[in-house]
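[1] I would like the atomic coordinates for the input below:
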Amino acid sequence: MPYWLLKTEAGEYGYADLESSRRDTWDGVRNPSAQKNIRGMSPGDLAFIYHTGKEKAIVGVAEVVSPPYPDPTDSKLHVIDLAPKYRLSRPVTLAEIKADPAFSDWELARLPRLSVMPAPPEHWNRVHAMAGRG
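    Okay, here's the model as predicted:
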């Protein structure tokens, strides 16, 4: 199963908002590389939700619940629908990830502006272990 990481500004739309919605559309992604990643998603895939801004941490996990489809506001872009799965036992910060050599090849550490990226299984498992959920 593919894993992903999705970035969002917590003050604009955070994991708590997704929990409140119980299902929502993940939109607003314009970067071509991030769009390519969205188009590669499938229902059942899991994604870390990463809060940017002051927090800079992975805070929870969501499930992709729709195939990618054209953004109703811009048919050149694609969106997906997400549902919350669970919060991490504790947030895992970007500083922790950058300090760990095991993450040196991950886009999160190398390409900080990319808003949608794959999360390789070894990174997925390591983040969960760091959060106290093995």
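
[2] what helices or strands is the longest helix belonging to the chain leaning on?
    Secondary structure of the chain per DSSP state H: the longest helix is helix 121-131. For helix 121-131, the helices and strands in contact under the criterion 3 or more C-beta pairs under 8 Å, 6 or more residues apart in numbering; DSSP states H and E are strand 3-8, strand 46-51, strand 74-93. Any C-beta I mention is one placed from the backbone N, CA and C, and that applies to glycine too.

[3] which of those strands sits most buried?
    Ranked by mean neighbour count, these are led by strand 46-51 with a mean of 23 (mean count of other C-beta atoms under 10 Å).

[4] Check which element follows that strand along the chain.
    Counting by DSSP states H and E, the element after strand 46-51 in chain order, helix or strand, is strand 57-64.

[5] Check what contacts that next one and list those residues.
    Identification of contacts with strand 57-64 by C-beta atoms under 8 Å, 6 or more residues apart in numbering yields 4-6, 10, 14-15, 18, 41-51, 80-88, 91-94, 97, 127, 131.
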